[in-house]
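> Turn this into a structure:
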Amino acid sequence: MTRKPVRLLATAAALALTLAAAGVGTAAAAAVPTPATDSFYSYDGGEPLSSFAPGTVLKTRTLSYHVLGIATPVRATQLLYRTTDALGRPTANVTSVVRSPQGDTTKAVSYQSAYDSLDPADSPSRAIAGDVTLGGLLPNAEALVLVPALLLGYNVVIPDTEGPTADFAAGPEYGITTLDSIRAATKSPATGLTGDTRFGLIGYSGGAIATGWAAALAPGYAPEVNQHLVGFTEGGVLVDPAHNLRYVDGSPIWSGVVPMALVGVSRSYGIDLKPYANDYGLKVLSEVEHASIIGAVGHYPGLTWKQLVKPQYGNPDSVPPFVEAVNKVNLGSAATPSVPGFLAQGNAGFLEGTVAHPPGIGTGDGVMVAGDLRTLARQYCATGNHSIKYEQYDLLGHVGGAAAWAPSAIGWLVDRFAGHAAPSSCGQIAPGNSLAPEQLVPPAG
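So this is what the prediction gives:
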């Protein structure tokens, strides 16, 4: 089953380029609404959002799927739907649905993008609609990953996982927007999908945040969605953000993710971290307030937590809002998914600039911690889900791990849809790190 997806991945690149070329002559002068002027993203109905059930479709439009601003012959249906933010408030978010050319409505893949941005303009739906931004380059590149699923006969649903305000790294919110996206896609007559359509969840890195949280929340938050999930697969997985902060502290490449995550999580939970920041920290937090991962990675080489905060807060656990936030987004504290899972992690972080191995945290792929994901996989096995497959790429970093994981993930999902028994690594996964909640310690001095 693995050879066919590998061939399709190669075909995907050629097909995506062909689609883009086909659109050159037809896309020409169509004006693309900017994020500030596109009214589709705003709910303007007479009833309050709170009066609608999560997943209710509020608006619908169909347009050409764009790659780098160029229209292709592929059509996408976009839905504005009711969902909920991290604080439980009703919001309106957008998801995009691409129909399989084979017309099969019984199976679909929910693809969670790794767009990793604090700017809503960088969301997948904006890129699909034709808006071109620096941060939106990742959703454009991910079009190559979507083509194999379409060629295999799957419909593809692509939610704006970070919600309408781009709450980067707020895992529970990612999971809720993903599950409500599936609800919306199966309720809209425009998509052809129904409540009986089976779904697989897939995502890498930032997309893994959404995938993992959606799988964990589904049994309790959206049992009708969970009933039709065949499985979830994720790679480059963020589990315990407090560990990741210590792991990338001082990294010449990935340290810029730290202030991005601080801004995103504090934004989503209404937390004010500014009283703890020093002048330089305030400057950095301001600079990344609307940044994307493309603008942050490598931009603050060697940045450390201590460079951002006042001296008495040199230990992150001495900052109450930080402890509160990281405990809320620790995937290890969430419920165990009830469907099969395939989890993968690189473990050669030295290839991507992270050489430190903090005590109790160990190695990873440069930004994600391998021991955390091993513990999570073991935790799932120990709490009743014995259909968990785990792979660790000891010779690959975060970027290389994506290339190794993607074809295997597609093949794994194909087997789940086919009804084959899910492989299990339970009992064979090496021990990892403790995922216990962070404990508040008194500030120094």
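
> so how far is stretch 253-267 from its chain's centroid?
On the basis of Cα atoms, centre = their mean, to the nearest Å, stretch 253-267 sits 15 Å off its chain's mean C-alpha point.

> Same question for stretch 314-327.
Once both centres are worked out by Cα atoms, centre = their mean, stretch 314-327 turns out to sit 23 Å from its chain's centre.

> go on, stretch 152-160?
On the basis of Cα atoms, centre = their mean, stretch 152-160 sits 15 Å off its chain's mean C-alpha point.

> next one: stretch 186-204
Chain-centre distance of stretch 186-204: 18 Å, with Cα atoms, centre = their mean.

> average pLDDT across that stretch?
The average pLDDT within stretch 186-204 is 97.

> now swap in stretch 271-283 and tell me
Computed over stretch 271-283, the average pLDDT equals 96.

> Same question for stretch 296-308.
The predicted confidence, averaged over stretch 296-308, sits at 94.

> next one: stretch 149-169
Stretch 149-169 comes out with an average pLDDT of 95.

> Go through that stretch and flag the buried ones.
By neighbour count on 16 or more other Cβ atoms under 10 Å, the buried set for stretch 149-169 is 149-152, 154-169. C-betas here are computed from N, CA, C, even on glycine.

> Distance from it to the middle of the chain?
The offset between the C-alpha centroid of stretch 149-169 and the centroid of the whole chain comes to 8 Å, using Cα atoms, centre = their mean.

> hmm, who's touching the helix or strand Gly371 falls within?
Using DSSP states H and E, the secondary-structure element containing Gly371 is helix 370-382. Surrounding helix 370-382, the residues in contact under the criterion Cβ atoms under 8 Å, 6 or more residues apart in numbering are 237, 239-240, 243-244, 331-332, 336-337, 341, 343, 345-347, 361-364, 388, 390, 392, 424-427, 429-435.

> Can I get stretch 348-359 in CSV, CA atoms only?
Output of stretch 348-359 as CSV, limited to C-alpha atoms (Å, rounded to 0.1, in the frame of the first residue of the first chain):
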residue,chain,number,x,y,z
ALA,A,348,17.9,14.5,14.8
GLY,A,349,17.5,18.1,16.1
PHE,A,350,21.2,18.8,15.6
LEU,A,351,20.5,19.0,11.9
GLU,A,352,18.2,22.0,12.5
GLY,A,353,20.2,23.9,15.1
THR,A,354,19.1,22.5,18.4
VAL,A,355,22.0,20.9,20.2
ALA,A,356,21.0,21.3,23.9
HIS,A,357,19.3,18.4,25.6
PRO,A,358,17.7,19.9,28.7
PRO,A,359,17.4,17.5,31.7
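
> Past the helix holding Gly371, which element shows up next along the chain?
Beyond helix 370-382 toward the C-terminal end (DSSP H and E), the next one is strand 388-393.
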